[in-house]
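# One predicted model, sequence on top.
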Amino acid sequence: MDLIYIGKIVNTHGLKGEIRIISDFKYKDDVFKINNIVYINNNKYIIKSYRHHKIYDMITLDSINSIEQAENLKGLSIYINREDYKFDGYLNEDLIGLNVYDNDIYKGKVVDILKTSINDLIVIDGIKRHMVPNIPEFVKEVDLENKKIYIEYIRGLDNED
């Protein structure tokens, strides 16, 4: 099983076991649907209901029917099994380990993705460690099959002269 982090349970809502989730997962509209499966503490749950409220994704789960049961989940992370979903595009997790090229010049390997309030940053470890915003102006092509990312590199991003 290939578990992918999709959010954190931050609180409960109401008396019937509804939970509040903070999630910035790119494809959460595909995940938070009735009858989809999620994992919390390696336990499998089926989503019984979903709604969006303010900044939260609110769900109820099978076998969680009271506020007392839901409170036991507070602070825990929620995951999906990657094999259960097909997404249009790639996940940030797919980029880790890919080789980065500017034209045909090797710049390094993706070692991390940092989430910011504006956009995600691709952390590249090459001659020096540097970051590139994960937006179309910088990331020109992601070739998962050949494990390559082609970027439009801008002088000064890595503090090299």
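That came through, no problem.
# what's in contact with the helix or strand harbouring Tyr5?
Following DSSP states H and E, one finds Tyr5 within strand 3-13. For strand 3-13, the external contacting residues (C-beta atoms under 8 Å, 6 or more residues apart in numbering) are 18-25, 28, 31, 38-40, 53, 56-58, 67, 70-71, 73-82, 91, 93. Every residue, glycine included, has its C-beta placed from N, CA and C.
# Toward the C-terminus, what is the element adjacent to it?
Scanning onward from strand 3-13 (DSSP H and E), the first element met is strand 18-22.
# got the buried residues for that following strand?
Counting neighbours by 16 or more other C-beta atoms under 10 Å, one finds that the buried residues in strand 18-22 are Glu18, Ile19, Arg20, Ile21.
# So the second one is in contact with Thr60, correct?
Translated: Ile19. Yes: contact criterion C-beta atoms under 8 Å: Ile19 and Thr60 qualify, at 7.4 Å.
# List the contacts of the residue nearest to Asp102 when sequence neighbours are not counted.
Taking C-beta to C-beta, 6 or more residues apart in numbering as the measure, Asp102 lies nearest to Tyr153, with 3.6 Å between them; neighbours along the chain are not counted. For Tyr153, the contacting residues are Asp102, Ile105, Lys107, Val132, by C-beta under 8 Å, 6+ apart.
# mind running it again at 10 Å?
For Tyr153, the contacting residues are Val100, Tyr101, Asp102, Asn103, Ile105, Lys107, Ile124, His130, Val132, Phe138, Lys140, by C-beta atoms under 10 Å, 6 or more residues apart in numbering.
# which element is the last one on?
In this structure, Lys140 is located in strand 139-143 according to DSSP H and E.
# got the CA positions of the following helix or strand past that strand in CSV?
Next along the chain after strand 139-143, taking DSSP H and E as the criterion, comes strand 148-151. What follows is strand 148-151, C-alpha atoms only, in CSV (Å, rounded to 0.1, in the frame of the first residue of the first chain):
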residue,chain,number,x,y,z
LYS,A,148,13.0,14.1,-15.6
ILE,A,149,11.8,17.6,-15.0
TYR,A,150,12.6,20.3,-17.5
ILE,A,151,12.6,23.8,-16.1
